[in-house]
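Chemist: Based on what follows, work out the 3D shape:
(chains A and B)
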Protein chains: 2
Amino acid sequence: MICAILLIGTELVRGELRDANGHWLAGKLAELGHEVRELRTIDDDMDRIVETLKELGAHHDFLFVTGGLGPTSDDLTAAAAARAQGRELALDTRSLERVRAAFQNSGVPMHPMNEKQAVFPEGATVLDNDLGTAPGFACKIGRASAFFTPGVPREMQHIFEERIVPSLPKPNAPLVVERVTVFGLPESTVAGRVESVEREFPVTLGYRAGSHEIEVKVQGQATPGEPIEVVRAQAVAARNRVIELLGDAIFVEGRVALPEYFGNSFKERNISVGFAESCTGGLVSHLVTTVAGCSTCFFGSVVSYDNSVKQGVLGVPAEILERHGAVSEECAVAMARGAVRALGVDVGISITGIAGPSGGSPEKPVGLVHFAATSGDIVLTRRHEFRGDRAQIQRRAATRALVLGLELLRELSR
Amino acid sequence: MICAILLIGTELVRGELRDANGHWLAGKLAELGHEVRELRTIDDDMDRIVETLKELGAHHDFLFVTGGLGPTSDDLTAAAAARAQGRELALDTRSLERVRAAFQNSGVPMHPMNEKQAVFPEGATVLDNDLGTAPGFACKIGRASAFFTPGVPREMQHIFEERIVPSLPKPNAPLVVERVTVFGLPESTVAGRVESVEREFPVTLGYRAGSHEIEVKVQGQATPGEPIEVVRAQAVAARNRVIELLGDAIFVEGRVALPEYFGNSFKERNISVGFAESCTGGLVSHLVTTVAGCSTCFFGSVVSYDNSVKQGVLGVPAEILERHGAVSEECAVAMARGAVRALGVDVGISITGIAGPSGGSPEKPVGLVHFAATSGDIVLTRRHEFRGDRAQIQRRAATRALVLGLELLRELSR
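Modeler: Alright, predicted model coming up:
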């Protein structure tokens, strides 16, 4: 089905707030097999909202509208939707009760303004919002089925998943998607290894680069009349071939972010881990602790930005720092061993390098990073020269450190 | 002037890539005093690009278009711009030389495909790209002056700042903006303290919430014929009043991000600092080390996620953990002192709390965080209950920790 997404908010067109909903909705709709033709962002102006709704409603099957459902005077979306249909607004008493109950539960007194959040175009279907006071609604605008949700991302996502998706038609030619997530390789390398699968199987490959991972989407599309089981079997076979071609890369079936996969892998094996971070300055530890429940395997870290901390807390010998410098394989190994000792963990992982923009030299350029991971007698070391600005070098080094930890886990399981 | 922003890319409407350009451009244009009426995102489809250019060109003074200037077959923007004007495409030999030279410098062989990047609509003005191989261009479409740039954010921003801004007309009524950046207070509190300034001075106040700071914009607009010096003096007086009303808040004139302000403040006073992080898991250290040159004041941190690390590395007494628990003022103080001792820093700052979603109790709910900052005999402690999900609680706690460090610096200067 042909879709459009309309984001309403003066703060958006003024660049005061960066929209997160358009991207999310577009991705979800594409996954469901729908075609998003355009995203549009406009301000809280009654005439422009009405006109835009009419225009988009005339050319699309589905219209997804976010924003402008709050209680204040610049929240105009419900009134604009009514006007675009030539209808009146009507109070929905059931929604009013829900809004009242939500305020009562939260202990905040309800302002009469909030009654507005129970007012919808006549004949609209209310889309309950379990996470906030502004419900969404659905109605017809032109030829389009239009869905209106609040702009708060988690409320929008909740209403979309729980109230809207179940009512969307399945696309005529259903899409089957199998996923493999690859860690620690650039997108071009991943694509280079697996692209032949498109010639071997009736599938198309898609790639999505996350912050620290590449997701390979193996997509099979049923031709009219083709049984979905056949398409699914082909997609699974193609996915298995992708896995074969990935060889020694670190990967996992499905869609998983690296910090989560890292934490789960250590948790499953009941192995504790800690870091000794220099140029990443705490980013690796931060990533691991974005995942709830990481405390069962992650004990802690030493951010040894200054050499005095490398010596004092991690016990890196002064001799190594003098002879090889802080950015060296020798220092990385001593740091990783120091992490094991100081933190009392099974696995220590270290990162030491030059994030820039200054501090580089011909022998040790900006972007050079040494890594070590150790457990018992095993030591793995890696040396990389990353490109990019300071933030990119830190991010890439953090990714590599987590992947090195997974490589060490693989060694330990051998 | 009335502006529209058009973002071109199939990866955008499919939700595979989250656009960063629209938000950035909208903010810049608003600052320059222009009115952005809409942002639109469409896919790489020739007919749709041509139609959209014509439609937007008919209704706006300025049109900013990003994306689709690459060398591959799905990069259609230059051809679409020519078609929208009813013109032919023409090779620009000077641009071709520049593209060739850029490839020569980078050592990558130039593919004949890249010649396309020197082809523009006849009569267009080329906008040189010093950071990449795809130049931008400017031409008239309908009544609009249209500017085309590549979609790579840093190249787009470079061309916008260096090539486009100088050619934009100054708005009729110039805007004078004075800024104050406030740290550690929510937007509503900041607005509550300073909003009376709008009644005392002929200015309007705007607020921009950054990741860890609130920027107060004091805006004076000249009426036709009014000397700009008068408006500027009023804005400065209003800004000084804002500063007066902010009272004991931590703030700085101008626009500065918190991690940068934190690092500069410690650097200026030649005071070294380190952290003992528990529930923030490295985020505070990561923020400080996003800023280049932080090594002169930031020595390192201990991420003591597990109690064994709090005891072993930071020397938190077992008795405190047993009697008061890890999330307590007593533990925060012991952690901050431990950071000073273990890291050899002048100032130690600690964070210990419950980021959730689980681990809370009626006495110690999810979101409870204790902070301490210490130097010599001085100890400051804070207790906060943050709302939000795990990421929000971690982010808010990290902000608060940095602000506490600035509060301690203020104590030290007294």
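Chemist: Would you mind naming the residues that bridge with the residue nearest to A:Pro365 when sequence neighbours are not counted?
Modeler: Leaving aside its sequence neighbours, A:Pro365 sits nearest to A:Glu385 (CB to CB, 6 or more residues apart in numbering or on different chains; 6.5 Å). For the C-beta atoms, the positions are set from N, CA and C on the backbone; glycine is no exception. Counting by DSSP bridges, A:Glu385 is bridged to A:Leu368.
Chemist: A:Val252 now?
Modeler: The partner residues for A:Val252, given DSSP bridges, come to A:Thr181.
Chemist: ok, now which ones touch the nearest residue to A:Ala397 once chain neighbours are set aside?
Modeler: Distance criterion CB to CB, 6+ apart; nearest residue to A:Ala397, sequence neighbours excluded, is A:Val369 at 4.6 Å. Residues near A:Val369 by CB atoms under 8 Å, 6 or more residues apart in numbering or on different chains: A:279, A:327, A:351-354, A:383-386, A:393, A:397, A:400.
Chemist: again, only using 10 Å
Modeler: A:278-280, A:327, A:332, A:351-355, A:382-386, A:393-394, A:396-398, A:400-401 (CB atoms under 10 Å, 6 or more residues apart in numbering or on different chains).
Chemist: just the helices in the stretch 301-414 of chain A please.
Modeler: A:307-312, A:318-323, A:329-343, A:390-413 (DSSP state H, counting those that start in this stretch).
Chemist: one step back: restrict the contacts of A:Val369 to the buried ones and give me that as a ChimeraX selection.
Modeler: Here is the ChimeraX command that selects only those of these that count as buried (16 or more other CB atoms under 10 Å in any protein chain shown):
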select /A:278,279,280,327,332,351,352,353,354,355,382,386,393,394,396,397,398,400,401
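Chemist: looking at chain A, which helix or strand is least sure?
Modeler: strand A:204-209 (a mean of 82; mean pLDDT, DSSP states H and E).
Chemist: Only the buried residues of stretch A:249-258, if you could.
Modeler: A:249-252, A:256-258.
Chemist: Switch the helices of the stretch 301-414 of chain A over to CSV; also include mean pLDDT.
Modeler: Below are these laid out as CSV (pLDDT from 0 to 100):
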stretch, mean pLDDT
helix A:307-312, 98
helix A:318-323, 98
helix A:329-343, 98
helix A:390-413, 95
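Chemist: So which of these is the most surrounded?
Modeler: helix A:329-343 (a mean of 25; mean count of other CB atoms under 10 Å in any protein chain shown).
Chemist: so which residue of the stretch 101-250 of chain A comes closest to chain B?
Modeler: Of all residues in the stretch 101-250 of chain A, A:Arg208 sits closest to chain B, at 5.7 Å by CB to the nearest CB.
Chemist: ok so, going back, what's the farthest-apart pair in the buried residues of stretch A:249-258?
Modeler: A:Ala249 and A:Ala257 (16.5 Å; CB to CB).
Chemist: Am I right that A:Phe298 is in contact with A:Phe262?
Modeler: Yes. Here A:Phe298 reaches A:Phe262: they are 9.1 Å apart, a contact under CB atoms under 10 Å.
Chemist: Between the two, which contacts overlap?
Modeler: A:273, A:288, A:291.
Chemist: List the residues that contact the second one.
Modeler: Read it as A:Val288. Per CB under 10 Å, 6+ apart, neighbours of A:Val288: A:258-260, A:262-263, A:266, A:273-275, A:294, A:297-298, A:301, A:398, A:401-402, A:405, B:281-282, B:303, B:305.
Chemist: Apply 7 Å and report the result again.
Modeler: A:259, A:262-263, A:294, A:298 (CB atoms under 7 Å, 6 or more residues apart in numbering or on different chains).
Chemist: Equivalent analysis for the first one, please.
Modeler: Residues near A:Val273 by CB under 7 Å, 6+ apart: A:266, A:297-298, A:345-347, A:349, A:405.
Chemist: from those, which is closest to chain B?
Modeler: A:Phe298 (5.6 Å).
Chemist: Touching, the closest one and B:Tyr305? I think so.
Modeler: Yes. In this structure, A:Phe298 is within contact of B:Tyr305 by CB atoms under 7 Å, at 5.6 Å.
Chemist: And the residue lying closest to A:Leu343 once chain neighbours are set aside, how far from A:Val403?
Modeler: Spatial nearest neighbour of A:Leu343, chain neighbours left out: A:Gly274 (3.7 Å); criterion: CB to CB, 6+ apart. Distance, A:Gly274 to A:Val403, using CB to CB, to the nearest Å: 17 Å.
Chemist: for A:Ala58, what are its contacts?
Modeler: Per CB under 7 Å, 6+ apart, neighbours of A:Ala58: A:142-143.
Chemist: now, the most widely separated pair of the contacts of A:Val273?
Modeler: A:Cys297 and A:Ile349 (12.3 Å).
Chemist: neighbour-wise, which of those two wins?
Modeler: A:Ile349 (28 against 24; other CB atoms under 10 Å in any protein chain shown).
Chemist: check contacts around the more buried one.
Modeler: A:Ile349 neighbours (CB under 7 Å, 6+ apart): A:273, A:275, A:336, A:373, A:401, A:404-405.
Chemist: For the nearest residue to A:His111 once chain neighbours are set aside, give its distance to A:Thr133.
Modeler: Nearest-residue entry for A:His111: A:Pro71, 7.0 Å, with adjacent residues in sequence omitted and distances by CB to CB, 6+ apart. With distances taken as CB to CB, A:Pro71 is found 8 Å from A:Thr133.
Chemist: Give the intersection of the neighbour lists for the two.
Modeler: By CB under 7 Å, 6+ apart, the residues touching both A:Pro71 and A:Thr133 are A:114, A:117.
Chemist: Give me the angle between the helix or strand hosting A:Thr52 and helix B:46-59.
Modeler: According to DSSP states H and E, A:Thr52 maps onto helix A:46-59. For helix A:46-59 against helix B:46-59, the angle by axes from the mean of the first three to the mean of the last three CA atoms, to 10 degrees is 160 degrees.
Chemist: what's the closest non-adjacent residue to the residue most central in space within chain A?
Modeler: With distances taken as CA atoms, centre = their mean, A:Gly210 lies nearest the centre of chain A, 6.7 Å away. Among residues not flanking A:Gly210 along the chain, A:Ala257 sits closest, at 6.3 Å (CB to CB, 6+ apart).
Chemist: hang on, isn't that neighbour packed against A:Arg208?
Modeler: No. Applying CB under 7 Å as the test, A:Ala257 and A:Arg208 come out as separate, 11.6 Å apart.
Chemist: Could you tell me which residues touch both of A:Phe298 and B:Tyr305?
Modeler: A:Thr289.
Chemist: per-residue confidence at the closest residue to A:Ile141 other than its chain neighbours?
Modeler: In space, and not counting its chain neighbours, A:Ile141 is closest to A:Gly57: 3.5 Å by CB to CB, 6+ apart. For A:Gly57, the pLDDT comes out at 97.
Chemist: Now do the residue nearest to A:Ala397 against chain B, distance only.
Modeler: From A:Val369 across to chain B, the span is 14 Å (CB to the nearest CB, to the nearest Å).
Chemist: any idea of the pLDDT on that residue?
Modeler: For A:Val369, pLDDT reads 98.
Chemist: need the contact list for the spatially most distant residue from the centre of chain A.
Modeler: Residue farthest from the centre of chain A, counting by CA atoms, centre = their mean, is A:Glu319 at 43.5 Å. Contact analysis of A:Glu319 by CB under 7 Å, 6+ apart lists nothing.
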